[in-house]
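>>> generate a structure from the sequence data that follows.
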Amino acid sequence: MTPKESAAPPLPGWARELIDAYESGASNQFLVCGNVNDRMLVPGEGRARLADLKSFLLNVLLPRFDVVLSYDLGTGIRVEKGGQIFASWPNQKDSPPLPRAPRQAIELLTHYFRYCANLSRLQRQGIQVACIVLGAELIAPAQQGGTDYDLGAMATLMRDWASEDLLSGHTLATFIVCDNLHDLHPLVANNLRSTPVRIPLPAVEEIGAAFGVLAAESPGVVPGDAAAIDALARQLSGATLGAVERTFRMKAHAKQPLGTDDIVELKKAIVENDSAGLIEFLEPHRTLDNLYGLEHVKEWVRQDIALWRKNDIDALPKGYLVCGPVGTGKTFLVECLAGEAGVPIIKMKNFRDKWVGSTEGNLEKIFRLIRALGRCYVFVDEADQALGRRDASSNDSGLSGRVYSMIAEEMGNSSSRGRVIWILASSRPDLIEVDLKRPGRIDVRIPLFPTATPRESFDLVRTLCRVRGLEIPQAAFAELETALPLLLTPGAAENLAVRVYRVSRTSGQSAVDALRASLKDYRNPVPRDVMETQIRLAVREASDVSFVPACFLDPA
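This next block holds a predicted model:
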């Protein structure tokens, strides 16, 4: 399986891994998953082109094979190469139509592989055969329950392509292509004789090479010099080549250059579209200067950001836990943090699905995107609910335990230090598994608290009223002090400021009078016992005592 000689860009890492496994004799079956529906750089006559994965396999990895077959549910079996050799098979003597139904198709392919292997064993002739099975999760899916003998038979035969001595000792190469291994029948997905090959999102170099190919077709859309193209490719890290090609052609059609001024919005749209709604970008329009108080927290975080910018990652945290009562501004802190660092925030949305294996497949897609983006924050809100539990004894068929295991493994991946920082947010950090909060996954735990004194409550409400054009003088504090509520969160203060604005606009009262009227019957939206419980939890989670105001510390 020697790659075709060409002036095309170097082979991607996954293709080199595949070649090494085949030529060393370690494996002849490859479970190709991940970014399998993307465009690939394929050498052509004179210059490279963008094509699909099947074209890449045919033109780059399999040009020296005598017969190459492919199979998918829509088209059935196709002879991609070596039609005359295949037609000489006695089974095809009268050229019967090739089957499209899965069971018959897999049986025919197996029959042909064994025929070629027997020919080679008899030394009559050696036929190098390769087969590409596309959409394998539709042909041999993870079983949904019950017993399906046809499915079991197909999965057994596909496993035998790699496990049976007759076939594994022959010059046979099979490619089982699917989006996610979790969607594939376990007999195939867990076969120790097969080699999983995960195609990641394209590297910066591949995106730059794709721009070079496309620029030859439509000059003027991207800059002409290599340095500018490299900078543009780095900004689009995390996008698929298909999305890059689509965007380029739209710009070429509109005769508009693709510049750095619109690249941020473009990348956001591309990545969110490619992720099929599993993630979203939070746009950081704020910095830590917009954060009220929390001086010790801001100092600590700014030190981490300074280390990150210097690429001094040994003391850099793998993750943060932001905890505290509801309404204390956990998401706001995350937005300020990302704006200060100047890196994107990826927010994981609802990745859970009702279908068996789909949730795990969704997580695999999210992880591929995160790894490709370079430096970024990964934000998980309501982490106590989203991250699953180690205990899989609930009635979810073990899904919660599998989700927990996958996320824990990804968070603990040492190779991501300095590139990905996880941020978990929760008002119930006690419900997050201890293993997820350990150093090496979450190194810094930041508690957020409501106001502890009337002065803090006054300053908070006054600041939020000023945003709405209502000026409350400092002198008003003395007359309002006894009416000001304690344990006021930014969320509750925001609601109070809106009420003050409404009273002022509807009654014509001054800002001070409107605040006095609004405080008269004010009730904290969070019951006091709930608030106090969540405060105690936040105090207990703090990784540094300087993060906790003295009034909330236990004197003991």
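>>> contacts only, for the closest residue to residue 102 other than its chain neighbours.
Counting by Cβ to Cβ, 6 or more residues apart in numbering, residue 102 lies nearest to residue 139, which is 4.9 Å off, once chain neighbours are set aside. Just so you know, the C-beta spots here come from the backbone N, C-alpha and C atoms, and that holds for glycine as well. Each residue near residue 139 by Cβ atoms under 8 Å, 6 or more residues apart in numbering is listed here: 71, 72, 73, 102, 106, 133, 154.
>>> can you redo those residues as JSON lines with pLDDT, secondary structure and distance to residue 404?
Formatted as JSON lines, the contacts of residue 139 follow (pLDDT from 0 to 100; DSSP: H, G, I helix; E, B strand; the rest coil; distance: Cβ to Cβ, whole Å):
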{"residue": "71", "pLDDT": "97", "secondary structure": "strand", "distance to residue 404": "36"}
{"residue": "72", "pLDDT": "95", "secondary structure": "strand", "distance to residue 404": "34"}
{"residue": "73", "pLDDT": "93", "secondary structure": "coil", "distance to residue 404": "34"}
{"residue": "102", "pLDDT": "94", "secondary structure": "helix", "distance to residue 404": "34"}
{"residue": "106", "pLDDT": "95", "secondary structure": "helix", "distance to residue 404": "35"}
{"residue": "133", "pLDDT": "97", "secondary structure": "strand", "distance to residue 404": "32"}
{"residue": "154", "pLDDT": "92", "secondary structure": "helix", "distance to residue 404": "32"}
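>>> from those residues, which is closest to residue 242?
Closest to residue 242 out of the contacts of residue 139 is residue 72 (18.5 Å), distances taken as Cβ to Cβ.
>>> in this structure, which helix or strand is least confident?
Using mean pLDDT, DSSP states H and E, helix 263-274 stands out as the lowest-scoring helix or strand of the chain, at a mean of 68.
>>> what separation do you get for the nearest residue to residue 275 once chain neighbours are set aside and residue 193?
With Cβ to Cβ, 6+ apart as the criterion, residue 275 has its nearest non-adjacent residue at 5.7 Å, and that residue is residue 369. Distance, residue 369 to residue 193, using Cβ to Cβ, to the nearest Å: 30 Å.
>>> quick one, which of these two is more surrounded?
Taking neighbours as other Cβ atoms under 10 Å, residue 369 and residue 193 compare with residue 369 leading, 24 against 15.
>>> could you report the pLDDT at the more buried one?
What the model reports for residue 369 is a pLDDT of 79.
>>> state the helix or strand in which it lies.
helix 358-372 (DSSP states H and E).
>>> quick one: contacts of that helix?
Contacts for helix 358-372 (Cβ under 8 Å, 6+ apart): 33-35, 179-183, 198, 200-203, 237-238, 271, 274-276, 278-279, 346, 348, 351-353, 376, 378, 399, 402-403, 406-407, 410, 416, 420.
>>> and with 6 Å instead?
34, 180, 182-183, 200-201, 238, 275, 278-279, 351-353, 378, 402, 406, 410, 420 (Cβ atoms under 6 Å, 6 or more residues apart in numbering).
>>> so which residues of the stretch 351-500 of the chain form helices?
358-372, 383-386, 399-411, 454-467, 477-480, 490-507 (DSSP state H, counting those that start in this stretch).
>>> out of the ones you listed, which is closest to residue 22?
Of the helices of the stretch 351-500 of the chain, nearest to residue 22 by Cβ to Cβ is helix 358-372, at 23.6 Å.
>>> that closest one vs helix 399-411, what angle?
Helix 358-372 runs at 10 degrees relative to helix 399-411, counting by axes from the mean of the first three to the mean of the last three Cα atoms, to 10 degrees.
>>> from the chain's centre, how far out does helix 358-372 sit?
Remark: helix 358-372 is offset 4 Å from the chain centroid, using Cα atoms, centre = their mean, to the nearest Å.
>>> begin at 2 from here
Okay, residue one is now 2; in that scheme the one you just asked about reads as helix 359-373.
>>> may I have it exported as PDB, CA atoms only?
Taking Å, rounded to 0.1, in the frame of the first residue of the first chain, the C-alpha atoms of helix 359-373 are listed here in PDB:
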ATOM      1  CA  SER A 359     -25.700   8.400  19.300                       C
ATOM      2  CA  THR A 360     -24.700  10.300  22.400                       C
ATOM      3  CA  GLU A 361     -21.200   8.800  22.400                       C
ATOM      4  CA  GLY A 362     -21.000   9.600  18.700                       C
ATOM      5  CA  ASN A 363     -21.900  13.200  19.300                       C
ATOM      6  CA  LEU A 364     -19.200  13.400  22.000                       C
ATOM      7  CA  GLU A 365     -16.600  12.100  19.500                       C
ATOM      8  CA  LYS A 366     -17.600  14.900  17.100                       C
ATOM      9  CA  ILE A 367     -17.200  17.500  19.800                       C
ATOM     10  CA  PHE A 368     -13.800  16.200  20.900                       C
ATOM     11  CA  ARG A 369     -12.600  16.200  17.300                       C
ATOM     12  CA  LEU A 370     -13.600  19.800  16.900                       C
ATOM     13  CA  ILE A 371     -12.000  20.800  20.200                       C
ATOM     14  CA  ARG A 372      -8.700  19.100  19.300                       C
ATOM     15  CA  ALA A 373      -8.600  20.900  15.900                       C
END
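>>> where does the prediction get shaky in the stretch 152-301 of the chain?
Applying pLDDT under 70 to the stretch 152-301 of the chain flags the ranges 260-271, 275.
>>> how about a cut-off of 80?
170-171, 221-227, 229, 232-233, 235-240, 259-278, 283-286, 293-294 (pLDDT under 80).
>>> ok so, going back, worst average pLDDT in the helices of the stretch 352-501 of the chain?
Within the helices of the stretch 352-501 of the chain, the stretch with the lowest mean pLDDT is helix 359-373, showing a mean of 81.
>>> which parts of it are buried?
Residues 359-373 are the ones in helix 359-373 that count as buried (16 or more other Cβ atoms under 10 Å).
>>> just these now: which is nearest residue 246?
residue 373 (16.5 Å).
>>> tell me how far the closest one lies from residue 407.
On the measure of Cβ to Cβ, residue 373 and residue 407 end up 18 Å apart.
>>> again with residue 279
14 Å.
>>> kindly report the same for residue 162.
When residue 162 is compared with residue 407 (using Cβ to Cβ), they lie 28 Å apart.
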